[in-house]
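**Student:** Sharing a sequence plus its predicted fold:
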Amino acid sequence: MDYKNLAERLVKKCLKKGADAAEVYIETERELSIEVRNGDVETVQETSAHGAGFRIFVKGKMAFSNCNDFSENALDNAVKSAVKFAQNTTPDENNVLPDEKTITNVEGLYDPEIAKIPMEKKIELAKEVEKLAMKDSRITKSAGSGFFEGEGEIFLANSNGLVKSYKSSGCALGVSVVAEKGDQKSSGGEYCTRRFFADLISTEEIAKKAAKEAYSMLDPQKVKTQKAAVIFHPDVAYAILGGILRAINGEKVLQGASFLAKSMDQKIATDLLTIIDDGTRAKGMSSKPFDGEGVPTQKRVIVDNGVLKGFMYNTIVAKRAGVKSTGNASRGGFTSLPGIGSHNFYIAAGESTPEQIIRSTKNGLLLKGVTGYGINPVNGNFSGGANGFWIKNGRIAFPVKGLTIAGTAEEMLNGIDMVGNDLDLNRSFTAPTLRIREMQVGGE
Amino acid sequence: MNLNQYCIEDIPRREFLQKSIKGGLAIAATPILMSNLMSCSGQQSFSTKITLDPQMLDKTIKHALKNGGEFAEVYVENRISRDIKMEESKFKSGVFGISQGAGVRVISGDKTGYAYTDDITEEKLLRAAEVASYIARGTKPVAPQNIERKERDSFVTVKLPLNRVADDRRLEVMKRANQAALDYDKKIKMAFISYYDEVRGRMIANSEGLLISDELPMLFFIVQTLGEGNNTRHMSRERLSRHSGFEMFDEVSPEEVAKTAAREAVAMLQAKDCPAGKMDIVMQNGWGGVLVHEAVGHPLEADNIAKKIGAFTGKLGQKVASDVFTMVDDGTIPNLRGTINFDDEGTQMKRNVLIENGVLKKYMTDILSAKQINMERTGNGRRQSFRHIPIPRMTNTFIEKGKDNPEDILKSTKKGLYVQSLSGGSVNPITGMFNFTCRESYIIENGKKTIPVKGATLVGSCLEIISNIDAVGDDLGFAPGICGKGQMAEVTAGQPTVRIRGMNVGGSKA
């Protein structure tokens, strides 16, 4: 099917049925998922899907509809429903669509090879990574391994004459295992996600990390409730970045529902903190040539050596704020309206090696896992469950589980005193190892 | 790949994915498969009733078992939904969706094959059957039974069908909630009202000869309010959700929902830093039940038990909790959010007592795990949509009511934390380590609620916590939620007021 043509044709259909302006977002995709456990295939799922979302404007009022049935009748109904519902929403002069016709050139989003590799080979890979992870005698059970692949194409057209599309792909390989000792159980997992099949890291490396994550947490010891340094491992980047991302959402800023609403151009963290949002990185898992409504993506500095430099906007919120869209319209697929979200969002690398950070910590927690919601974007409060390793005199002393950590974003961001050089940009939401001088740790 | 963490709560879906799908694909196009807030219709009567030629389903099942395998199933789904948002007293958006599709599943031993199609045509169904049967190649086929229509009891009553409710009435409910929230206190700066309803039509046919169909309406109404004052802000939340018709709003008014949310937002502006360390917890009835949903419910889902990795593996018949603790999963409670006429594999719903007076009685199964652990089918095989394989999931899960007076429980607690509501939590079903974030909580001093404290985290292990529950009230209450386990499910959590001794609390004060 010529989806690009269909998207353009559907925009015209919307205008004909009563819309003043319209946008059509079509998505097609194919996915394969293989799960293996105990050396045998457990599930194989193969799916393909498509769908269209219609964003309709009538006299400044906006409505949206979507459907996954591409028969003319179903598409007609979807368009009619949106036009009809637009009567109900509140008109807003900011309800406009973008008209930038250019796209950002982003390399390496689509690997045509993934689909050509036979299923048997993919099953073999999953079996191999499981087998290797089970090799260590401390690992007693497999929780399963898997290979996933997906590819899709997005077509976007709007009544400002914008017509764009891009293709993307991805694959992932991972394993999850359990280490047992007496009554103790400890689980660990590792995975690798890449745009290109050939870029997946070796099964040995994945297996080794998964096994280590499980067995290294056996025999945890207890620690007292205390204030201590906390070293955030890259695996827990979310705990810091999640709350910041939601607090720099331009709409939340306008609504006053952000702890950073009044902090533009102000120092919010130590000099060591620089945060980047990059939609343009070659082969980046969250890179794309244009955002969820067709605005070209950029690479932006969000926090520059501790100074807040950028909020994130889509077209409508940008107009309301009197600024230009930052290319951060995010879309949860054809079923949803564009919101605001990040691309490859990360804390820039610093100078220290992770070993140096540990060595220079007298008493503290190396945080490997954190539960809860991270920093609260509305008021900046932070509280979470924690596990990892306790550090004494610059060395990892023993694993710790079932701890808690708490503080506020202000204390945490202004407490960052070391940032590692171990940034892995193959992840799309990431940070290097970093240390916060002191946080409240809850234990015995 | 297995998820290490299951969570229940309201994190936006994107973040949920980033956070908990270890190994999930994050490619641009993936969300179609992960989300399915479909929708659509105006006043034209779109129907979710599925009318299909049973012959076609029979043929698909036979085709699916052609290469081998012991069980095959076709699941056909049709969904019409509306999703309306109000922010800053404006109707920001309305989303309508129509979605339809069918999934074909083949089970052979411990293996599962699955494929789905958006187009429900014979050609596409046979192609899906072909793909799903890949895993069964070379095994001995089991001859399928001819399908025959069955009926099941319905636990969902409807007085005002959603497809006959004019959009104006939906908007009206939202406006009323918005106004009530803003009127509650001048510290309420804004209300976020979210209205969602859907009608999901299902038809299930399988090689055991089952053919069954129904239509399930659902409403989900969320009010969040932003309170500002004392140099801080608090975003509160209250939710109302049922499988029912629009009469839900006659039984619980939108104003009531809004006021509950606004009260929390104002109260929490006074919150002080919470102390860290071990504390006794008194958990108020209702949504606090998410604690056992996570800490005990997920580990009792039979998929990880069948894999022999779940925290409760091998503990059937053993004493795992204190005598006062009885936990139930019951998908038949009329009209609750977790209620369903039959599960997404067509199994009859029933009341399942999981832990009775501290003794482990039952795991929650789907067809596959029931077979693997040689246990009955409990009616817990659920799926988010035709795009997902059914897996063991909870329905309405709760701590059965006890004998204690809730006031006495508080009064007899000298020092501790009174948790009025939780945001949500997560658990690692293998190790049983869980966490919860408090939404509204107060310090207990000498048996009395005193000052509110900032959203603290509670952590612990599942086996420990249910042994440490020493008081169970007689005030069982329920509240609706969203449960994520790689796919979403609508659930209810419930409990009476309970006390848990010595939990680790994550506060910011020493």
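**Tutor:** Perfect, thanks for sending it.
**Student:** From here on, just use CA atoms for contacts and neighbour counts.
**Tutor:** Fine.
**Student:** Do a quick rundown of the helices in the stretch 301-450 of chain B.
**Tutor:** In the stretch 301-450 of chain B, the helices defined using DSSP state H, counting those that start in this stretch lie at B:302-306, B:367-372, B:406-411.
**Student:** Which of the ones you listed sits closest to A:Ala172?
**Tutor:** helix B:302-306 (22.5 Å; Cα to Cα).
**Student:** by contact count, what packs against the closest one?
**Tutor:** Helices and strands touching helix B:302-306, as assessed by 3 or more Cα pairs under 8 Å, 6 or more residues apart in numbering or on different chains; DSSP states H and E, comprise helix B:367-372, strand B:391-392.
**Student:** rerun that using 7 Å as the cut-off
**Tutor:** Secondary-structure packing of helix B:302-306 (3 or more Cα pairs under 7 Å, 6 or more residues apart in numbering or on different chains; DSSP states H and E): helix B:367-372.
**Student:** what's in contact with the helix it packs on?
**Tutor:** Residues external to helix B:367-372 that are found in contact with it (Cα atoms under 7 Å, 6 or more residues apart in numbering or on different chains): B:302-303, B:306, B:376-377, B:381.
**Student:** buried residues in the longest helix along chain B?
**Tutor:** Across chain B, the longest stretch assigned as helix under DSSP state H is helix B:167-184. Buried residues in helix B:167-184, defined by neighbour count with 16 or more other Cα atoms under 10 Å in any protein chain shown: B:170-171, B:173-175, B:177-182, B:184.
**Student:** okay, these in TSV with pLDDT and distance to A:Leu273 next?
**Tutor:** Converted to TSV, these look like this (pLDDT from 0 to 100; distance: Cα to Cα, whole Å):
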residue	pLDDT	distance to A:Leu273
B:Arg170	96	46
B:Leu171	95	45
B:Val173	98	46
B:Met174	98	42
B:Lys175	97	43
B:Ala177	98	42
B:Asn178	98	39
B:Gln179	98	42
B:Ala180	98	43
B:Ala181	98	39
B:Leu182	98	39
B:Tyr184	98	41
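**Student:** Now do the nearest residue to A:Glu31 once chain neighbours are set aside: how many residues are near it, please.
**Tutor:** Counting by Cα to Cα, 6 or more residues apart in numbering or on different chains, A:Gly150 is the residue found nearest to A:Glu31 once chain neighbours are left out, at 4.2 Å. For A:Gly150, the number of neighbouring residues by other Cα atoms under 10 Å in any protein chain shown comes to 26.
**Student:** repeat for the one 10 residues further on
**Tutor:** Residues lying near A:Asn160 (other Cα under 10 Å) number 16.
**Student:** what residues go with each domain of chain A?
**Tutor:** A:3-215, A:220-444 (automatic domain parsing).
**Student:** and the last one with chain B, contact?
**Tutor:** Spelled out, it's domain A:220-444. Yes. Interface with chain B: domain A:220-444 contributes A:225-226, A:285-286, A:332-333, A:335, A:371-372, A:378-379, A:383-385, A:402, A:404-407, A:440, A:442-444 (Cα under 7 Å from any Cα of the partner chain).
**Student:** Number of residues surrounding whichever residue of the stretch 201-350 of chain A sits closest to chain B?
**Tutor:** Across the stretch 201-350 of chain A, the shortest distance to chain B (Cα to the nearest Cα) belongs to A:Gly333, at 5.1 Å. Neighbour count of A:Gly333, defined by other Cα under 10 Å: 27.
**Student:** wait, is it part of a helix?
**Tutor:** No. A:Gly333 is assigned coil when assessed by DSSP: H, G, I helix; E, B strand; the rest coil, not a helix.
**Student:** Pick the most deeply packed of the helices of the stretch 301-450 of chain B.
**Tutor:** Of all these, helix B:302-306 carries the top mean neighbour count, a mean of 23, counting by mean count of other Cα atoms under 10 Å in any protein chain shown.
**Student:** mind checking how far that helix is from the chain centre?
**Tutor:** 19 Å (Cα atoms, centre = their mean, to the nearest Å).
**Student:** what helix or strand is A:Phe345 on?
**Tutor:** Using DSSP states H and E, A:Phe345 sits within strand A:344-347.
**Student:** Between its first and last residues, how far does stretch A:51-68 reach?
**Tutor:** End-to-end distance for stretch A:51-68, by Cα to Cα, to the nearest Å: 4 Å.
**Student:** Show me which residues of it are buried.
**Tutor:** Using 16+ other Cα under 10 Å as the test for burial, stretch A:51-68 gives A:51-58, A:60-68.
**Student:** B:Val427 - nearest residue in space that isn't next to it in sequence?
**Tutor:** In space, B:Val427 is closest to B:Phe434, 4.1 Å off (Cα to Cα, 6+ apart).
**Student:** which residues touch that neighbour?
**Tutor:** So B:Phe434 contacts B:294-295, B:426-428, B:459-462 (Cα under 7 Å, 6+ apart).
**Student:** Make a markdown table from these and add pLDDT and neighbour count to it.
**Tutor:** Below are the contacts of B:Phe434 laid out as a markdown table (pLDDT from 0 to 100; neighbours: other Cα atoms under 10 Å in any protein chain shown):
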| residue | pLDDT | neighbour count |
| --- | --- | --- |
| B:Glu294 | 88 | 29 |
| B:Ala295 | 87 | 29 |
| B:Ser426 | 87 | 30 |
| B:Val427 | 88 | 29 |
| B:Asn428 | 89 | 24 |
| B:Val459 | 92 | 31 |
| B:Gly460 | 91 | 23 |
| B:Ser461 | 89 | 20 |
| B:Cys462 | 88 | 28 |
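**Student:** In terms of residue numbering, what are the domains of chain B?
**Tutor:** Here the domain parsing of chain B from automatic domain parsing is B:162-199+B:217-270, B:277-506.
**Student:** now the shortest one, how far from the centre of its chain.
**Tutor:** Going back to what we said before, that points to domain B:162-199+B:217-270. 20 Å.
**Student:** so how far does that domain reach from one end to the other?
**Tutor:** End-to-end span of domain B:162-199+B:217-270 (Cα to Cα): 41 Å.
**Student:** Spell out the residue ranges of the helices in chain A.
**Tutor:** For chain A, helices defined by DSSP H occupy the ranges A:3-16, A:72-85, A:119-133, A:203-215, A:237-247, A:250-255, A:315-321, A:354-359, A:409-413.
**Student:** Using CSV, please lay out these together with mean pLDDT and mean neighbour count.
**Tutor:** Output for the helices of chain A, formatted as CSV (pLDDT from 0 to 100; neighbours: other Cα under 10 Å):
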stretch, mean pLDDT, mean neighbour count
helix A:3-16, 97, 19
helix A:72-85, 92, 22
helix A:119-133, 97, 20
helix A:203-215, 97, 22
helix A:237-247, 94, 22
helix A:250-255, 97, 20
helix A:315-321, 98, 20
helix A:354-359, 98, 17
helix A:409-413, 97, 20
